[in-house]
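Chemist: I'd like to go over a predicted model; first the sequence, then the structure.
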Amino acid sequence: MSEKMLKFVKIGQQTPPKREVGNRKEDFNEIYKEFINIKASEQSSRCSQCGVPFCQVHCPLSNNIPDWLKLTAEGRLKEAYELSQSTNNMPEVCGRICPQDRLCEGNCVIEQSGHGTVTIGSVEKYITDNAWEQGWVNPIKVKNEKSQSIGIIGAGPAGLAAAEQLRKLGYQITVYDRYDRAGGLMIYGIPNFKLEKFVVERRTKLLEEGGIKFVQNFEVGKDATLEQLRKKHDALLIATGVYKAREIDLPGKDLGNIFPAMEFLTASNKKGLGDKVELFDNGTLNAEGKNIVVIGGGDTAMDCVRTSIRQKAKSVKCLYRRDKENMPGSAREVANAEEEGVEFVWLSSPKKFIGTNKVEGLIVDKIKLGEPDDSGRRKPEIQNDSNFNIKADIVIKALGFDPENLPKLFGCEDLQVTKWGTLKTNFDTMETNLPGVFAAGDIIRGASLVVWAIKDGRDVATSIKNFLEIKELSKEKVA
Ligand SMILES: Cc1cc2nc3c(=O)[nH]c(=O)nc-3n(C[C@H](O)[C@H](O)[C@H](O)COP(=O)(O)OP(=O)(O)OC[C@H]3O[C@@H](n4cnc5c(N)ncnc54)[C@H](O)[C@@H]3O)c2cc1C
Ligand code: SF4
C-alpha cells in the first residue's frame with residue numbers, strides 16, 4: 001500500500017480549541033471526530049458501487065461520486081482529483097461546508113440501510129487538499145485569448161465559478177466587489193471553524209494568477225451604475241447575493257447591543273483574518289464573558305451560537321419559535337451546537353427587549369404548535385400568560401435575508417425583479433430582461449447554498465458564452 005494511501009484524513013488547519021467551561025465538552029472535535037484515524041481510502045472503499053448513485057443525483061453538481069471514491073480506494077488520487085474538479089470549481093469548499101446530511105450523504109445507500117454513510121464530503125475535501133499539497137492545482141492557462149470582456153458583479157461562489165469557466169474559454173474577465181476581499185459569504189459570513197479562510201484565499205489567488213482581474217472596494221450603484229458597466233463590457237453577470245437582514249419589530253428593538261447576524265459574524269471573521277476591528281477590540285461585538293441570546297433557527301443562527309461559544313461567552317441561548325423537529329437548520333449543526341453547550345429554548349418567541357440604553361434581557365412568550373398553515377408547517381401560537389425573562393448582554397438577530405432593492409441600488413429601474421425581490425431571469429438562459437445582463441446565485445434563488453451558487457455560476461457561464469458567440473457572429477456578418 002502506498003504512503004499516500006496510508007495518510008490519514010486531515011482534520012483541517014484550525015484544530016478545535018480546548019475548553020473547560022462548566023460541564024461542557026472539553027474540546028470541539030464534533031465536526032472532525034468521525035474522520036480522525038479514518039483513512040480516506042478505507043472510507044472510499046466502503047462505497048458499495050451500488051449502481052444507483054442516489055448520492056450523485058442529490059449532489060447539485062451531479063458530481064461523479066462513485067467513480068472518485070473508487071479511484072481514491074485504489075490510491076489513484078490524481079485521477080480522483082481530476083474527476084472531482086471536472087464538475088466542481090471548489091471541491092475543497094463543498095467538502096467542508098455542504099450540508100451533506102441533506103444532499104449526497106443523506107442519500108447514500110449505505111446510510112439508508114442503517115450502516116452509516118460513506119463520508120463523501122470529507123473524502124472530497126481530502127482529495128482536493130492533497131491535490132493542492134502535491135502541486136496539481138494550477139492557474140488557468142488560456143490557449144486562445146478572446147477580445148470580448150465580461151464584467152461580473154460579486155465575488156462570491158456564483159461569480160467566481162462563472163469567472164473561472166469563462167476565463168478558461170479565453171474571455172477577459174473583471175470581477176467587481178464592494179468588499180475588500182473576494183469570496184463573498186465564504187469569506188465574511190461562514191465562520192473560520194467551518195471553512196478556513198486560507199482555503200478561500202488560495203482559490204481567489206489562483207484565479208487572479210489565471211488572468212482574472214479583481215476590482216475590490218467597488219460598489220455598483222455607488223462607484224458606477226449598471227448602465228456604465230454595460231457599456232464597458234460585452235456581457236454582465238450580477239451575482240450579488242442577498243444581504244438585507246430580516247428585522248424584528250418589537251418594543252425595545254432600538255436598544256444598544258442588539259445586532260444583525262452578519263455584523264457579528266463579519267467582525268469575527270475580520271478579526272480572524274488579522275484585521276483591526278474596533279467594535280470587536282472594544283468589546284462591543286465580542287461575546288467573551290457575556291450572556292448571548294441568538295434569535296432564529298437556521299444555519300446562520302447556528303454559526304452565531306457556535307462563534308459565541310468559541311469567543312468564550314458566559315452563556316449562549318438560542319430562541320426558536322418551533323421545536324427541534326421543525327427547525328430549518330441542519331440537524332448536524334444543531335447537534336454540534338448542543339454538544340458545545342448551547343442551550344436551545346425551543347417553542348419560544350421574543351415579546352419585548354428590556355434594558356436602559358443597552359439590552360439587558362428579553363421577555364419571551366411560550367409557543368405551542370397549532371394546525372398546519374398554507375405551507376404545511378404547524379403554525380406557532382402564543383400560549384397566554386406564559387412569558388418568562390431571559391438575561392442578555394448581547395442579542396443577535398438571525399432571522400434570514402432578503403434581496404436588497406437592486407433596481408434602485410444600481411440606478412436601473414428597468415431591471416425586473418420577482419415579487420420576492422430576487423432578479424427575474426429567463427429560466428433557460430439566466431438572462432435578465434436587460435439584453436446581455438445575466439444573473440446567478442442567491443440573487444436569483446434567495447438565500448441558498450454555496451454548492452447551488454457554483455452550479456448557477458457554471459450554468460450561466462455556458463449561457464454567456466452562447467450569447468457572446470452569437471454577438472460575435474452578428475458583428476462578422478455586418479462587417
Ligand atoms: C452566516 C452564513 C453561513 C452560511 N453557511 C453556509 C454553509 O455552511 N454551507 C453552504 O453551502 N452555504 C452556507 N451559506 C450560504 C452561502 O454562503 C450562500 O448561499 C452563497 O455564498 C451565495 O453565493 P453568491 O455568490 O450568490 O453570493 P455571496 O456569497 O453573497 O456573494 C455576493 C458578493 O457580491 C458582492 N456585492 C453585493 N452587492 C454588490 C454591489 N452593489 N457591488 C459590488 N459587489 C456587490 C458582495 O460583497 C459579495 O462579495 C451561509 C450563509 C450565511 C449568511
Ligand atoms: S458538492 Fe456537496 S453535495 Fe456534492 S458531493 Fe460534494 S459535498 Fe456532496
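Modeler: That came in fine, so what should we check first? Ligands and ions are numbered 1, 2, ... in the order given.

Chemist: in this protein, which helix or strand is least confident?
Modeler: In the chain, the helix or strand scored least confidently by mean pLDDT, DSSP states H and E is helix 3-6, which has a mean of 34.

Chemist: name the next helix or strand downstream of that helix, please.
Modeler: helix 40-45 (DSSP states H and E).

Chemist: then Ile152 would be within a helix, right?
Modeler: No. Under DSSP: H, G, I helix; E, B strand; the rest coil, Ile152 falls outside any helix and is assigned strand.

Chemist: residues in contact with it?
Modeler: Ile152 sits next to Gly159, Ala162, Ala163, Ile173, Thr174, Val175, Tyr176, Leu236, Leu237, Ala239 when contact means Cβ atoms under 8 Å, 6 or more residues apart in numbering. The way it works is simple: take the backbone N, C-alpha and C, and place the C-beta from them, glycine included.

Chemist: any idea how far ligand 2 is from it?
Modeler: Separation of Ile152 from ligand 2 (Cβ to the nearest ligand atom, to the nearest Å): 22 Å.

Chemist: what's across from that residue in the sheet?
Modeler: With DSSP bridges applied, Ile152 shows beta-bridge pairing to Val175, Leu237.

Chemist: does ligand 2 sit close to stretch 100-112?
Modeler: Yes. Under the criterion of Cβ under 6 Å from any ligand atom, ligand 2 is reached by stretch 100-112 at Gln100, Leu103, Cys104.

Chemist: what sits against Arg167?
Modeler: With contact taken as Cβ under 8 Å, 6+ apart, Arg167 is in contact with Ile140, Val142, Ile173, Leu207, Gly210, Gly211, Ile212.

Chemist: report the buried members of these.
Modeler: Neighbour-count burial (16 or more other Cβ atoms under 10 Å) is assigned, among the contacts of Arg167, to Ile140, Ile173, Leu207, Gly210, Gly211, Ile212.

Chemist: just the pLDDT for the closest residue to the fourth one other than its chain neighbours.
Modeler: Spatial nearest neighbour of Gly210, excluding adjacent residues (Cβ to Cβ, 6 or more residues apart in numbering): Ile140 at 3.2 Å. If you check Ile140, the pLDDT there is 98.

Chemist: go on, the one 5 residues further on?
Modeler: On pLDDT, Glu145 comes in at 97.

Chemist: burial of Glu325, as a residue count?
Modeler: As a burial measure, Glu325 scores 9 neighbours (other Cβ atoms under 10 Å).

Chemist: looking at the contacts of Arg167, which are in strands?
Modeler: Using DSSP state E, the subset of these located in strands is Ile173.

Chemist: helix, strand, or coil at Val294?
Modeler: Look at Val294: counting by three-state DSSP, its state is strand.

Chemist: got a winner among the residues of stretch 100-112 next to ligand 2 for most neighbours?
Modeler: Ranked by the number of neighbours (other Cβ under 10 Å), those place Cys104 first, at 29 neighbours.

Chemist: find the nearest non-adjacent residue to that residue, please.
Modeler: Cys55 (4.2 Å).

Chemist: got the contact list for that neighbour?
Modeler: Here Cys55 is in contact with Ile65, Pro66, Cys104, Glu105, Asn107, Cys108, Val118, Ile120 (criterion: Cβ under 8 Å, 6+ apart).

Chemist: surely the residue nearest to Gly210 is in contact with Glu208?
Modeler: No. The criterion here is Cβ atoms under 8 Å, and Ile140 misses it with Glu208 at 10.3 Å.

Chemist: mind checking pLDDT for Asn326?
Modeler: Model confidence at Asn326, expressed as pLDDT, equals 83.

Chemist: next one: it from ligand 1, what distance?
Modeler: Distance from Asn326 to ligand 1, by Cβ to the nearest ligand atom: 20 Å.

Chemist: try Asn357
Modeler: 28 Å.

Chemist: residues near that residue, how many?
Modeler: By other Cβ under 10 Å, the burial measure for Asn357, its neighbour count, is 8.

Chemist: name the nearest of the residues of stretch 100-112 next to ligand 2 relative to Ala447.
Modeler: Leu103 (16.5 Å; Cβ to Cβ).

Chemist: helix, strand, or coil at the closest one?
Modeler: Local secondary structure at Leu103 is given as coil here, using three-state DSSP.

Chemist: quick check, pLDDT for it.
Modeler: For Leu103, the predicted pLDDT is 93.

Chemist: quick check on it: phi, psi?
Modeler: phi -120, psi -110 (degrees, to the nearest 10).

Chemist: tell me the contacts of it?
Modeler: Taking Cβ under 8 Å, 6+ apart, we find Leu103 in contact with His58, Cys59, Pro60, Val451.

Chemist: who's in contact with the residue nearest to the first one when sequence neighbours are not counted?
Modeler: Setting aside the residues directly before and after it, His58 is nearest to Asn107 in space (Cβ to Cβ, 6+ apart), at 4.3 Å. By Cβ under 8 Å, 6+ apart, Asn107 lies in contact with Phe54, Cys55, Val57, His58.
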